[in-house]
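Colleague: Give me a 3D structure for the following:
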Amino acid sequence: MKGFHAGYYVNQGSYKSFQPIEINKSWLIDNMELMKLLGQADRELGRLDMYSEYIPNIDLFISMHVVKEATQSSKIEGTKTNIEEVLLNKENVSEEKRDDWEEVQNYIAALNKAIFLLDNLPFSSRLIKQTHKTLLSGVRGKHKLPGEFRSSQNWIGGASIKDAIFIPPVHTSVQAYMSDLEKFSHNQEYAFPELLKIALIHYQFETIHPFLDGNGRVGRLMIPLYLVEKEILKKPILYLSDFFEKNRTLYYDNLMRVREKNDIEQWFKFFLVGIIETAKNGIETFDKTLKLQKKISIGIQELGSRANNANKVVEYLYQHPIVDANKIKEITELSNPSVYKLIEELEKLKILFEMTGMQRGKNYIFRNYIKLFY
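Modeller: Coordinates of the predicted model:
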């Protein structure tokens, strides 16, 4: 991008903070390799968006995409919870993993709430603050001003500010930077491709680091929100955290490369490759989901009088792939003996698998569906 200058360092006495340039202005793109990637990313997103329209009850399957996003985004920050553990009820999670479990649950709640709020609230600082408040509510970061921009200096990496890898701008400039970011997100005066726009917004947000905690998770969560608000996607079905987690070193290195070498184009390329790969993987997952759905439907037809209740359970499983006998009883309103007979039939069809190995308090997992998200 011609003339891009990331910012400058300001001496704060014992350390130097980085003050980024404001982004709400006209930009000129003259890199043909970047434009080629942009065209490919647009096409793959279009395919993913169209593909999702052909899937009946698409909302059933979005919840698992959200679970995967929450798990992978939190994993980048150091949590060690896997998808199966995230799907368990709190009482079934071991004590040492409960804090991680709660953080991932908050991410799911924050993303779901933000998507709901988009109906009446634009992509904005207000939406970002609301999302941050939900993210940190009642977990390890609850004392770090949930829902409020920071009022002190923070830093990235290192045990103290003296050995930090990166020191964001001073807190007194955060509000102005976030106002500039918000204006840029809605600016129609300057023509700029939307995918590069959200790539630049994500970089700028991570550079501003406006909160005391949770910046990485909120910054990644902003990507699907932006794509939905701008109607690039009709549904929130693309999440980049899995790509960022698998390429974690490159993710951080490319963000730092912008600040140190003014190389925004390398960040754009990395981001677009992430969109291309993630969109392709999303299409593949939806395709496998449809095949699994068809296979299960054929199997359930053989259950005769139990088919109706089996379908009720399976529909629930697409959103909540771990259940117990009590939940199945609640869904079907069957007697206990009938519930266990239905579970037995679903096990024979390899829809449910018992996962606890216990005689009592058994949990059953919709394993073949969960496997699609690994």
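Colleague: What are the buried residues along the helix or strand in which Thr285 is found?
Modeller: In this structure, Thr285 is located in helix 264-300 according to DSSP states H and E. Neighbour counts using 16 or more other CB atoms under 10 Å place 264-265, 267-279, 282-283, 285-286, 289, 292-293, 296, 299-300 of helix 264-300 among the buried residues. Quick note: C-beta positions are derived from backbone N, CA and C, even for glycine.
Colleague: helices or strands up against that helix?
Modeller: When contacts are defined as 3 or more CB pairs under 8 Å, 6 or more residues apart in numbering; DSSP states H and E, helix 264-300 sits against helix 32-53, helix 58-76, helix 194-208, helix 241-246, helix 248-261, helix 307-317, helix 367-370.
Colleague: now do 7 Å
Modeller: If contacts are counted by 3 or more CB pairs under 7 Å, 6 or more residues apart in numbering; DSSP states H and E, helix 264-300 sits against helix 32-53, helix 194-208, helix 241-246, helix 248-261, helix 307-317.
Colleague: got the buried residues for the longest one?
Modeller: Buried residues in helix 32-53, counted by 16+ other CB under 10 Å: 34, 37-38, 41-42, 44-45, 48-49, 51-52.
Colleague: Over to the last one?
Modeller: If you call a residue buried by 16+ other CB under 10 Å, then helix 307-317 has these buried ones: 309-310, 312-314, 316-317.
Colleague: Distance to Gly357 and pLDDT added to those residues, as a markdown table?
Modeller: Shown next, in a markdown table, are those (distance: CB to CB, whole Å; pLDDT from 0 to 100):
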| residue | distance to Gly357 | pLDDT |
| --- | --- | --- |
| Asn309 | 26 | 95 |
| Ala310 | 24 | 96 |
| Lys312 | 27 | 95 |
| Val313 | 22 | 96 |
| Val314 | 24 | 95 |
| Tyr316 | 23 | 94 |
| Leu317 | 20 | 95 |
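Colleague: Save those as TSV, and put in distance to Tyr203 too.
Modeller: Converted to TSV, the buried residues of helix 307-317 look like this (distance: CB to CB, whole Å):
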residue	distance to Tyr203
Asn309	51
Ala310	48
Lys312	46
Val313	45
Val314	42
Tyr316	40
Leu317	39
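Colleague: of all the residues you listed, which comes closest to Lys113?
Modeller: Distances from Lys113 to those, taken as CB to CB, are shortest for Tyr316 (22.0 Å).
Colleague: quick check: angle from the lowest-mean-pLDDT helix or strand in the chain to helix 307-317?
Modeller: When the helices and strands of the chain are scored by mean pLDDT, DSSP states H and E, helix 58-76 comes last with a mean of 89. Taking axes from the mean of the first three to the mean of the last three CA atoms, to 10 degrees, one finds that helix 58-76 is oriented at 40 degrees with respect to helix 307-317.
Colleague: And helix 58-76, what's buried?
Modeller: Neighbour counts over helix 58-76 (16+ other CB under 10 Å) mark 58, 60-76 as buried.
Colleague: next one: stretch 326-336
Modeller: Quick answer for stretch 326-336 (16+ other CB under 10 Å): 327-329, 331-332, 334.
Colleague: give me every residue that touches the most centrally placed residue in the chain.
Modeller: Residue closest to the average C-alpha location in the chain (CA atoms, centre = their mean): Glu69, at 3.6 Å. Counting by CB atoms under 7 Å, 6 or more residues apart in numbering, Glu69 touches 111, 239, 241.
Colleague: mind redoing it with 10 Å?
Modeller: With contact set as CB atoms under 10 Å, 6 or more residues apart in numbering, Glu69 has these partners: 104, 107-108, 111, 217, 220-221, 223-224, 236, 238-242, 373.
Colleague: Tell me how far His143 lies from Leu212.
Modeller: For His143, the distance to Leu212 equals 9 Å [CB to CB, to the nearest Å].
Colleague: higher neighbour count, the two?
Modeller: Using other CB atoms under 10 Å as the criterion, His143 and Leu212 rank with Leu212 on top: 21 against 9.
Colleague: Grab the nearest non-local neighbour of the more buried one.
Modeller: Leaving aside its sequence neighbours, Leu212 sits nearest to Lys144 (CB to CB, 6 or more residues apart in numbering; 3.9 Å).
Colleague: what about that neighbour, distance to Lys235?
Modeller: Applying CB to CB to Lys144 and Lys235 gives a distance of 32 Å.
Colleague: Tell me which of the two has more neighbours.
Modeller: Using other CB under 10 Å as the criterion, Lys144 and Lys235 rank with Lys235 on top: 19 against 15.
Colleague: check contacts around that one.
Modeller: Lys235 neighbours (CB under 10 Å, 6+ apart): 48-49, 52-53, 55, 58-59, 61-62, 65, 115, 224, 227-228.
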